[in-house]
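> mind looking at a prediction? Sequence and model below.
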Protein chains: 2
Amino acid sequence: MPLMDHPAVQKFVLHWGEMGSQWGVNRSVSQIHALLYLSDRPLHAEEIVEALSLARSNVSTGLKELQGYGIVRRTHVPGDRRDHFVAETDLWEMLLRIAAERKRREIDPTIAHLAELAREAEADGALPPHVRQRIARMHEFIGTLSGWYEQVRGLPKPTLVALMKLGGKVARFVSPFGRKGDAAAD
Amino acid sequence: MPLMDHPAVQKFVLHWGEMGSQWGVNRSVSQIHALLYLSDRPLHAEEIVEALSLARSNVSTGLKELQGYGIVRRTHVPGDRRDHFVAETDLWEMLLRIAAERKRREIDPTIAHLAELAREAEADGALPPHVRQRIARMHEFIGTLSGWYEQVRGLPKPTLVALMKLGGKVARFVSPFGRKGDAAAD
DNA sequence: AAATTCTTTCTGTTTTTACTGAAGCAAGCG
DNA sequence: CGCTTGCTTCAGTAAAAACAGAAAGAATTT
């Protein structure tokens, strides 16, 4: 029984496609991803074509994109020449990879661009000081976020999970003036 | 001298517009936002029209959207009937508000949808167990992230900044006997 | 190496989204 | 009031993105 025949699968895939498009990801791409996520075995392109009623070419492009994000990978099924595909099922891993790739594609170039702009702004005497300052602030801000991500991405998953569960409580480890090591657990 | 006459401003606005569209935000909307961010005084719609060469109606819609995100607000300039607009300049505040709004619009409905799906999946005997499990896992995962956000958003800004600067080092509070990749190095 | 099977790339079409200009509406002013 | 000014909504148009089908390109088999 094909996966898509289950109403729950159908709905999941449709919603995931919607979500994607709200975040700047092509709807077909996120649908393919959703389908693979719910599959417990590697699928080949033709199966995806049938499940989602997409053109073969479209599926090919979509798979490439997903592989670019590192959340889908090709595998081989013994005795079958066709490429098969599986999605990352560890959701932390998935999130971190998507984040990494979007950072690489969008954030890093933005930081570079802002750095360049900040340099130019420095040289431009006619530029109002507040503009210079706001560009610099944005540059710094995005840089800080980016640096934070770089650090967090390297943490072992159990640590991430623990931190997340801790939520706002981590705040007690940091006090505006105090020492960072002041761990007053309750 | 109009803001947009400065090359740095021009470039900033264009790049910000690009960025926006990659994240599912209308290019005009993010351009308007960029312009207001760089302005040190409230602008009225007509000024934005001229600066960005957009239709008046378009600017009106864009401003409404930005107000919806809570990152632009209307002000009144004494002796002028027209509405004027200023952008939030505190970047933390900006980020948190955008996050809050996107959560409200996209994440919360998704969680609700997943909850509904999970219920249905429970009842559907024909549904393969691994599908049930993966839907449940996704539901839980997004719920956890969402809960984390709710906690973090409430923290005072200096605390946020401190935590961010601390980066991966917060890990030592949660896994005292650090593991691979853990930020053991000072 | 010819034929088959599978994948990717390319081009034209469709669909969606963004945008404009006009019309409608509201508020303040003469 | 009725006129002016400013804002929003709406409908048609333009631009952009997504998509399908055809053609080309690899790889494998015979």
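Arrived safely, thanks for sending.

> strands of chain A, start to end?
Under the criterion DSSP state E, chain A carries strands at the ranges A:43-44, A:72-76, A:83-87.

> so which of the ones you listed is nearest B:R41?
strand A:72-76 (49.2 Å; Cβ to Cβ). Using the backbone N, CA and C atoms, a C-beta is placed for each residue, glycine as well.

> between that closest one and strand A:83-87, how big is the angle?
140 degrees (axes from the mean of the first three to the mean of the last three Cα atoms, to 10 degrees).

> averaged pLDDT, strand A:72-76. What do you get?
The average of the pLDDT scores along strand A:72-76 is 96.

> quickly run through the sheet partners of that strand, with directions.
Here strand A:72-76 is paired, per DSSP bridges, with strand A:83-87 (antiparallel).

> show me what contacts the most centrally placed residue in chain A?
Nearest to the geometric centre of chain A sits A:I98, at 2.0 Å (Cα atoms, centre = their mean). Contact analysis of A:I98 by Cβ atoms under 8 Å, 6 or more residues apart in numbering or on different chains lists A:69, A:71.

> can you check which helix is longest in chain A?
helix A:129-153 (DSSP state H).

> quick check: mean pLDDT of that one?
96.

> and the helices in chain A, which stretches?
In chain A, the helices defined using DSSP H lie at A:7-22, A:27-38, A:45-52, A:56-69, A:91-102, A:108-123, A:129-153, A:157-166.

> need the winner for burial among these.
Per-stretch averages of neighbours, counted by mean count of other Cβ atoms under 10 Å in any protein chain shown, single out helix A:27-38 among these, with a mean of 24.

> that one and chain B, are they touching?
Yes - counting by Cβ under 8 Å from any Cβ of the partner chain, contacts between helix A:27-38 and chain B involve A:37-38.

> does that helix come close to DNA strand C?
No - using Cβ under 7 Å from any atom of the strand, helix A:27-38 stays clear of DNA strand C, coming no nearer than 7.9 Å.

> just to revisit the earlier point, and the strands of chain A as TSV, adding distance to DNA strand D?
Converted to TSV, these look like this (distance: least, Cβ to the nearest atom of the strand, whole Å):
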stretch	distance to DNA strand D
strand A:43-44	14
strand A:72-76	9
strand A:83-87	10
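
> mind putting those strands into TSV with mean neighbour count and distance to DNA strand C?
Listed next are the strands of chain A as TSV, based on neighbours: other Cβ atoms under 10 Å in any protein chain shown; distance: least, Cβ to the nearest atom of the strand, whole Å:
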stretch	mean neighbour count	distance to DNA strand C
strand A:43-44	19	6
strand A:72-76	14	8
strand A:83-87	18	3
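
> which helices and strands does the longest helix of chain A pack with?
Using 3 or more Cβ pairs under 8 Å, 6 or more residues apart in numbering or on different chains; DSSP states H and E as the contact criterion, the elements in contact with helix A:129-153 are helix A:91-102, helix A:108-123, helix B:7-22, helix B:27-38, helix B:91-102, helix B:157-166.

> roughly how far apart are the residue lying closest to A:A136 once chain neighbours are set aside and A:G143?
Nearest residue to A:A136 in three dimensions, chain neighbours excluded: A:A118, at 5.4 Å (Cβ to Cβ, 6 or more residues apart in numbering or on different chains). Look at A:A118 and A:G143: by Cβ to Cβ, to the nearest Å, they are 11 Å apart.

> got it, and A:E116?
Counting by Cβ to Cβ - A:E116 and A:G143 are separated by 13 Å.

> and for A:L127?
From A:L127 over to A:G143 (counting by Cβ to Cβ), the distance is 21 Å.

> hmm, which helix or strand of chain A has the shakiest average pLDDT?
Sorting the helices and strands of chain A by mean pLDDT, DSSP states H and E puts helix A:157-166 at the bottom, at a mean of 90.

> that older thread, with distance to B:K169 added, can I get the strands of chain A in CSV?
Listed next are the strands of chain A as CSV, based on distance: least, Cβ to Cβ, whole Å:
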stretch, distance to B:K169
strand A:43-44, 42
strand A:72-76, 32
strand A:83-87, 33
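
> now A:V77. Nearest residue, chain neighbours left out?
A:H84 (5.0 Å).

> please report how far that neighbour lies from A:M94.
19 Å.

> ok, the closest residue to A:L91 other than its chain neighbours to A:V161 distance?
Sequence neighbours aside, B:F141 is the residue nearest to A:L91 in space, at 4.4 Å (criterion: Cβ to Cβ, 6+ apart). Going from B:F141 to A:V161 by Cβ to Cβ gives 10 Å.
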